[in-house]
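Undergrad: What follows is a predicted structure for the sequence shown.
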Amino acid sequence: MSIKTDSRHLYLRVIDEITRDIENGTYSENEKLPSEYQLSKDLGVSRATLREALRILEEDNIVTRRHGVGTFVNSKPIFSSGIEELKSVTQMIEESGKIAGSQYLSAELVEATDEDKAKFSPRKIDTLAKIERVRTADHKPVVFCIDKVPAKLIPLDHVHEEDSIFDLLEEYANKRISYAVTFIEPISYHDRIYSILNCVADQSLLLLKQVHYTNEDEAVLYSANYFRSDVFSFHVLRKRV
């Protein structure tokens, strides 16, 4: 169907048309879209206009373009959370109605680097408990987690007994996490992590780097969590000031 009667920029009309077709089921999740030639013909636009629309749709994580293969509809994220709401991964999974689980890869004591010491300042630390886990939802891997905690705050030989590091810190050290400072980064291919999370090579991950604090502004946990972007999405409420 031609969309040239719409008065807006052509590529915006193409975005709306493709998005509607995805939402109404014309194109299903993980389905390959028609070729650029066929889509541009069906929509009555040039291939340059179509490519600009597909570029924006890919930036919005609605489609994925695979060089030499085609354009595919992405799965809708199962878990969506406001980034201003501090929740454990366990909470996020359970609130979506899934069963949260953990696969422990390693738990060891490591010497704190200068970068680590800066994160936990002004607390003086020499040794950290480093825990690597895969978080699962209904037994499927969805997050790769690296957690670092001052060694005295956590029983390393008991970490396998508790899914939530938040809960373990509260139970063992009486340290309740109240807030976190978070940085978000998109991550491209990483051989080990992509293999663990069963990701395809051109799939992106969302890395959340977080230092967690108690009400007394004491840093007690650093986390680097790699979320599958096809499973998780995050949003933030911004207010005008």
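TA: Here it is on my side, so go on.
Undergrad: Which SSE is immediately downstream of the lowest-mean-pLDDT helix or strand in the chain?
TA: Within the chain, no helix or strand scores below strand 79-82, which has a mean of 65 by mean pLDDT, DSSP states H and E. For strand 79-82, the succeeding helix or strand toward the C-terminus, using DSSP states H and E, is helix 89-95.
Undergrad: tell me which residues in that next one are buried?
TA: Buried residues in helix 89-95, defined by neighbour count with 16 or more other C-beta atoms under 10 Å: 89-90, 92-93. Where you see a C-beta, it was placed from the backbone N, CA and C, and this is true even at glycine.
Undergrad: For those, give me JSON lines that also has distance to His190 and pLDDT.
TA: Shown next, in JSON lines, are those (distance: C-beta to C-beta, whole Å; pLDDT from 0 to 100):
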{"residue": "Val89", "distance to His190": "19", "pLDDT": "82"}
{"residue": "Thr90", "distance to His190": "24", "pLDDT": "84"}
{"residue": "Met92", "distance to His190": "22", "pLDDT": "83"}
{"residue": "Ile93", "distance to His190": "22", "pLDDT": "85"}
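Undergrad: any chance you could map the strands in the protein?
TA: For the chain, the strands defined by DSSP state E occupy 63-66, 70-73, 79-82, 100-111, 127-137, 140-150, 177-187, 205-214, 219-228, 232-235.
Undergrad: about what we covered before: quick check, nearest of the buried residues of helix 89-95 to Cys145?
TA: Among the buried residues of helix 89-95, Val89 lies closest to Cys145 (C-beta to C-beta), at 6.9 Å.
Undergrad: if I read this right, that closest one contacts Cys145, doesn't it?
TA: Yes - between Val89 and Cys145 there is a contact under C-beta atoms under 8 Å: 6.9 Å.
Undergrad: quick one: common contacting residues for those two?
TA: Common contacts of Val89 and Cys145 (C-beta atoms under 8 Å, 6 or more residues apart in numbering): 135, 225.
Undergrad: What's the local residue count around the residue lying closest to Ala137 once chain neighbours are set aside?
TA: Nearest non-adjacent residue to Ala137, counting by C-beta to C-beta, 6 or more residues apart in numbering: Lys98, 4.1 Å away. Lys98 has 18 neighbouring residues, counting by other C-beta atoms under 10 Å.
Undergrad: cool, and Val63?
TA: Neighbour tally, Val63, other C-beta under 10 Å: 23.
Undergrad: That one reaches Ser75, doesn't it?
TA: No - between Val63 and Ser75 there is no contact under C-beta under 8 Å: 11.1 Å.
Undergrad: what's the distance between Pro34 and Phe72?
TA: 12 Å (C-beta to C-beta, to the nearest Å).
Undergrad: So, low pLDDT: which residues of the protein?
TA: 1-8, 77-82 (pLDDT under 70).
Undergrad: Help me confirm that Ala180 comes into contact with Thr214.
TA: No - in this structure, Ala180 is not within contact of Thr214 by C-beta under 8 Å, at 10.8 Å.
Undergrad: hmm, back to that, distance to Phe120 for the strands of the chain - can I get that in JSON lines?
TA: Output for those, formatted as JSON lines (distance: least, C-beta to C-beta, whole Å):
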{"stretch": "strand 63-66", "distance to Phe120": "38"}
{"stretch": "strand 70-73", "distance to Phe120": "43"}
{"stretch": "strand 79-82", "distance to Phe120": "26"}
{"stretch": "strand 100-111", "distance to Phe120": "13"}
{"stretch": "strand 127-137", "distance to Phe120": "8"}
{"stretch": "strand 140-150", "distance to Phe120": "6"}
{"stretch": "strand 177-187", "distance to Phe120": "12"}
{"stretch": "strand 205-214", "distance to Phe120": "8"}
{"stretch": "strand 219-228", "distance to Phe120": "5"}
{"stretch": "strand 232-235", "distance to Phe120": "25"}
